[in-house]
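>>> just a sequence and a predicted model for now, questions to come.
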Amino acid sequence: MDKARYLVEAHLIEGRSVAELAAAHSVSRSWLYKLIARYRDGGLAALEPGSRRPHSCSHQTAPELQRRVLELREELALAGHENGAQTIAYLLSRESRDVPSVSTIWRILKRAGLVEPQPKRRPHSSLVRFAAELPNQMWQADFTHWQLTDGSDVEILNFIDDHSRLCIGAEVHDTVTARRVVDTFEKAAAYHGYPASLLTDNGAVFTGRYRGGRVLLELRCEQLGVTFKNSRPYHPQTCGKVERFHQTMKRFLAAQEPAKTLDELQAQIDRFVHHYNNIRPHRALAGETPLAAYSGKVKARPKDPTAAAHYRVREDKVDRFGKVTLRHGSALLHLGVGRAHSGKVVRLLVAGLEVRVIDVNGEVLGACEIDPGRNYQAMRAP
C-alpha cells in the first residue's frame, strides 16, 4: 500500500502528472489511473491489495461431497476407527464413483481444522522395515492390558499375520497363560492353517528360553515344524506390527461404552476385528484391506516337523509305583512304565514329543507321545 499511496498523493496533492510518475517509478499509466479511481471511490482502504482468489472454480469439490467427507470423519472418530484421508477415500469409493483424491480430502480436513500438526519424525529412508513375502510366512503374537469398569485388569492376546496384517486371533482373558496361548494359536490355525514361523517377545507365556527350558507354545511349534522366533530383550520394534495393532485396538475400545465383563469386552473386540480385517484400508498395504492382502497370494506352510525335533537322553529309576519323571517345558510329567519294572534303571529317549523307555539291555519297556496338557502320561506296550 505504501507505494500506491505515494503515487496517488503525488498526483492528487503534489500535482505531478500521471505520465511523469509512471516513467519515474516504472509503473504503467493504466495501473496508476486504476489506483486513482479506487482511491476516489473508497479512500485509502481501497488501495489495499485484494484477494486474487477467483470468484468461481469449475473443478472445486462439490459442497455436498465436502460435507460427506466431514461426516465420515466424525463417524469414524466417534467409533474409534482410523479416520485419515486414505480411509475416508476408500469408504467414499464404496458409495460413489465421484471420489476426490486423498490429497484433496486432506485439504478439506485441514480447512475444517481437523488435521493436527505432526511432530518431526525420522526420515523414512532411515527406517529398516521387513515384511513377510507370503501370508502365513510369519505370524506375530503378543498380549496387552485393559481394564473393565470395576477397575480389574484383563489381558488381550493378539495374533496377526506379518504379510497382510490380518488379525488371526484376538481373545481376552483374566490372565494369559501358556495353555491359553496355545489354545488361541490352535483356534487361529484351524481356520487359517499353521504358519511357517511365529514371532513373539520374551514373555514367560511364550518362551522358557531365558529360564533354561521351554513352554507349551515352543513345544507345539516344534511338533508342527513351525519355526519359533523371539525378539531381542527390550527391543519391541521387532514385534512392531502387533504392537501397532494393540494401539489401533485400544483407540477403538476407548471410544466404546466401558465393558463390565469379559464377554462384553470380547464382543467389542470381535466388532473391531471385523472392521479392521474387512473394511478398513491399510496404508502399509497400498490401501488394501488386510483380508484382501491375505487372500491374494498362496499361503506359506510349516516345514517338516521331524527336521526340528528336540533330542535328548535321560537316565532315571522306575519308582515303586512304576513311574518315571520327565521335565517337559515348565511341567514335571509322570510316565507310567508299570509296577513290574519298579527299581529298574532305565533310559528315556526323547525326540520332540515322542518318548521311548528302555532298560540297560536295550529292551523297550514302553513308548508314548506326550500330551502337554496332562500330568500323567500312559505308556503304550512296545
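Good, I have the coordinates. What you see is a predicted model; the values in this text were computed from it and never measured.

>>> C368: what's it in contact with?
Remark: with contacts taken as CB atoms under 8 Å, 6 or more residues apart in numbering, C368 is in contact with 335, 354-355, 377-380. Quick note: C-beta positions are derived from backbone N, CA and C, even for glycine.

>>> what's the ChimeraX line that selects buried ones from these?
Here is the ChimeraX command that selects the buried residues among the contacts of C368 (16 or more other CB atoms under 10 Å):
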select :335,355,377,379
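
>>> from the contacts of C368, which two are the most distant?
Within the contacts of C368, E354 and A378 form the most distant pair, 14.5 Å apart (CB to CB).

>>> how close does the residue nearest the centre of the chain sit to Y276?
With distances taken as CA atoms, centre = their mean, F245 lies nearest the centre of the chain, 2.8 Å away. Distance, F245 to Y276, using CB to CB, to the nearest Å: 8 Å.

>>> what do those two both touch?
Counting by CB under 8 Å, 6+ apart, the residues touching both F245 and Y276 are C167.

>>> re earlier: name all residues that make contact with the residue nearest to the centre of the chain.
So F245 contacts 158, 160, 165, 167 (CB under 8 Å, 6+ apart).

>>> distance from the chain centre to whichever strand or helix holds it, please.
According to DSSP states H and E, F245 maps onto helix 240-254. Centroid separation between helix 240-254 and its chain, computed with CA atoms, centre = their mean, to the nearest Å, is 6 Å.

>>> let's see that helix as CSV, backbone CA atoms only.
Extracted in CSV, the C-alpha atoms of helix 240-254 (Å, rounded to 0.1, in the frame of the first residue of the first chain):
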residue,chain,number,x,y,z
GLY,A,240,6.3,-53.7,15.8
LYS,A,241,3.3,-54.8,13.7
VAL,A,242,1.4,-56.4,16.6
GLU,A,243,2.5,-53.6,18.9
ARG,A,244,0.9,-51.1,16.5
PHE,A,245,-2.2,-53.3,16.3
HIS,A,246,-2.5,-53.0,20.1
GLN,A,247,-2.7,-49.2,19.7
THR,A,248,-5.3,-49.3,17.0
MET,A,249,-7.4,-51.7,19.0
LYS,A,250,-7.1,-49.7,22.2
ARG,A,251,-8.2,-46.5,20.4
PHE,A,252,-11.3,-48.3,19.3
LEU,A,253,-12.1,-49.7,22.8
ALA,A,254,-11.6,-46.2,24.4
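
>>> give the buried residues for it.
241-243, 245-246, 248-250, 252-253.

>>> quick one: low-confidence parts of the stretch 1-150 of the chain?
Across the stretch 1-150 of the chain, residues meeting the criterion (pLDDT under 70) sit at 1, 56, 58, 117-129.
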